[in-house]
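K.L.:
Sequence and predicted model, in that order:
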Amino acid sequence: MVMKSAVLLLLASSVAAQVVFAPQLIYRTEPEYTAEARQKGVEGVVKLYAEIAPDGRAHRIRVLHSLGSGLDEKAIEAVRQWRFRPGTKDGHAVTSTSSIEVRFRLSNSAPAKKGVRV
């Protein structure tokens with residue numbers, strides 16, 4: 001019976017020692033506005049759920065908070081181009097989930113750059 005207790009304690013301590021890091025955004029492109037959204041003056045945030053794979057790409061993207069006027073689709077298109085440093089567990093890249101906010105803001109300033117290292 002003493003042996004079983006020792007094994008259980010060993011398993012519990014090895015689980016507690018795991019080191020986990022969340023994914024980090026390293027490259028992003030700005031989303032495009034649709035003509036409809038621009039015409040209506042729509043601004044705000046599309047909130048997305050995504051799984052960030054070990055390859056640093058977003059997969060299984062779905063909308064959690066919608067803006068409509070085609071902006072949800074534009075947000076998904078942009079996030080598909082983004083790159084992440086994947087989440088890690090004990091030093092190994094793993095698939096992890098993320099909540100991503102894509103902001104849409106009308107501006108009279110110069111057009112956004114195509115891609116930006118973060």
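P.N.:
Arrived safely.
K.L.:
Quick one: the helices in this structure, in order.
P.N.:
2-16, 35-40, 71-81 (DSSP state H).
K.L.:
any idea which of those scores lowest on pLDDT?
P.N.:
Lowest mean pLDDT of the helices of the chain: helix 2-16, a mean of 39.
K.L.:
do you know how far the closest residue to Pro54 other than its chain neighbours is from Gln81?
P.N.:
Sequence neighbours aside, Ala93 is the residue nearest to Pro54 in space, at 3.7 Å (criterion: CB to CB, 6 or more residues apart in numbering). Using the backbone N, CA and C atoms, a C-beta is placed for each residue, glycine as well. According to CB to CB, to the nearest Å, Ala93 stands 20 Å off from Gln81.
K.L.:
Same question for Ile100.
P.N.:
Using CB to CB, which is the criterion applied here, Ile100 is 13 Å from Gln81.
K.L.:
ditto for Gly44
P.N.:
For Gly44 relative to Gln81 (CB to CB), the value is 21 Å.
K.L.:
for the chain, which spans come out with low pLDDT?
P.N.:
Regions of the chain meeting the criterion pLDDT under 70 cover residues 1-19, 108-118.
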